[in-house]
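Visitor: Return a 3D structure for these sequence lines:
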Amino acid sequence: MNRRLPVLLAWLERLSGARLIGAGTLFLMAIGLLDYATGYEVSFSLFYLLPIALVSWSRHPRAPTLISAAAALTWLVADLAAGQTYSHAIFAYWNAAIRFGVFIATGHALAALRSALERERRLARVDALTGALNPLAFHELAELELARTQRAGAPLALACLDVDAFKAINDAGGHAGGDEVLRSIVQRVRRSVRVTDHVARLGGDEFAILLPATDEAHARDGIGRVQAALAGIEVDEVGPVTVSIGVIIFRAPPASVEAMLRHADALMYEVKRAGKAAARFRTLE
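Guide: This next block holds a predicted model:
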């Protein structure tokens, strides 16, 4: 069962909310018909939970309440239509209310579970300090972009950024001050790049920007905006914060993400050795 649960969750993730609601609604109708056809002596209580689970997983905020009410009403109608009698009519509605309570608790618990799983998945892909992508998420996205580039034949650019004199920044403002600089860098970079670009923290004070479908001219424009956005960051006793940037434009897809990073990282260190606080571009055929 433990091995099957991730497979089931992955299958549910691939279904859209509309499909989950549609499938759950049809499933509920089928269960109601079977419940009526088999008579009130045969219990279908467990089966009513299945459409509730499907619909509650759809992300729609009112879905658990609506499907729970529909399930409780379907069960009530099926029992009454099959000939179920009570010593007093109120008992039928009491039972329906109790079922509704159980259903809605189950539905909202499943909806909360989905939200928790999405939150954990999102946190597992994000650098906790800066909010940028972490190395794992960056590699996954870079592999996808690399595969897309191989199919489309479009250029792909990768920039590696390293904060200059970061030790001096930490010495002046402490680790809290250094952390604030890193957060500010990511915020400014993300505001200055396109929505299709990916910003990641690779570790320490080193960052990467992946720019899909970008030639050298557009890479220069994009990195120019990044440099302008970062120009306003200053630290007392240190002065303006600067970064060294190496940008590689790949006309032909590289062999791997690791190869991309090696090229961009090497170019960034060329900038470091040449005096820092600049960007250098190189196009590889």
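Visitor: helix/strand/coil for Ser43?
Guide: Under DSSP: H, G, I helix; E, B strand; the rest coil, Ser43 falls in the coil class.
Visitor: That one: neighbouring residues, count only.
Guide: Using other C-beta atoms under 10 Å, Ser43 is surrounded by 11 other residues. For every residue, glycine as well, the C-beta is placed using N, CA and C.
Visitor: With Thr130 instead?
Guide: If you count neighbours by other C-beta under 10 Å, Thr130 ends up with 21.
Visitor: cool, and Gly275?
Guide: Using other C-beta under 10 Å: Gly275 sits among 9 other residues.
Visitor: Give me the pLDDT for it.
Guide: The model reports Gly275 with a pLDDT of 93.
Visitor: ranges for the strands of the stretch 1-150 of the chain?
Guide: Here the stretch 1-150 of the chain has no strands by DSSP state E, counting those that start in this stretch.
Visitor: Would you state the helices of it in chain order?
Guide: For the stretch 1-150 of the chain, the helices defined by DSSP state H, counting those that start in this stretch cover 4-14, 17-38, 45-56, 63-81, 89-123, 135-152.
Visitor: now these in JSON lines, with mean pLDDT?
Guide: What follows is the helices of the stretch 1-150 of the chain, written out as JSON lines (pLDDT from 0 to 100):
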{"stretch": "helix 4-14", "mean pLDDT": "57"}
{"stretch": "helix 17-38", "mean pLDDT": "89"}
{"stretch": "helix 45-56", "mean pLDDT": "90"}
{"stretch": "helix 63-81", "mean pLDDT": "92"}
{"stretch": "helix 89-123", "mean pLDDT": "88"}
{"stretch": "helix 135-152", "mean pLDDT": "89"}
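Visitor: Now render these as JSON lines, adding distance to Arg201 and mean neighbour count.
Guide: Output for the helices of the stretch 1-150 of the chain, formatted as JSON lines (distance: least, C-beta to C-beta, whole Å; neighbours: other C-beta atoms under 10 Å):
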{"stretch": "helix 4-14", "distance to Arg201": "26", "mean neighbour count": "10"}
{"stretch": "helix 17-38", "distance to Arg201": "32", "mean neighbour count": "16"}
{"stretch": "helix 45-56", "distance to Arg201": "36", "mean neighbour count": "20"}
{"stretch": "helix 63-81", "distance to Arg201": "36", "mean neighbour count": "20"}
{"stretch": "helix 89-123", "distance to Arg201": "14", "mean neighbour count": "14"}
{"stretch": "helix 135-152", "distance to Arg201": "8", "mean neighbour count": "16"}
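Visitor: could those helices go into TSV alongside distance to Tyr269?
Guide: Below are the helices of the stretch 1-150 of the chain laid out as TSV (distance: least, C-beta to C-beta, whole Å):
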stretch	distance to Tyr269
helix 4-14	41
helix 17-38	47
helix 45-56	52
helix 63-81	53
helix 89-123	32
helix 135-152	19
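Visitor: so which of those helices comes closest to Val247?
Guide: helix 135-152 (14.9 Å; C-beta to C-beta).
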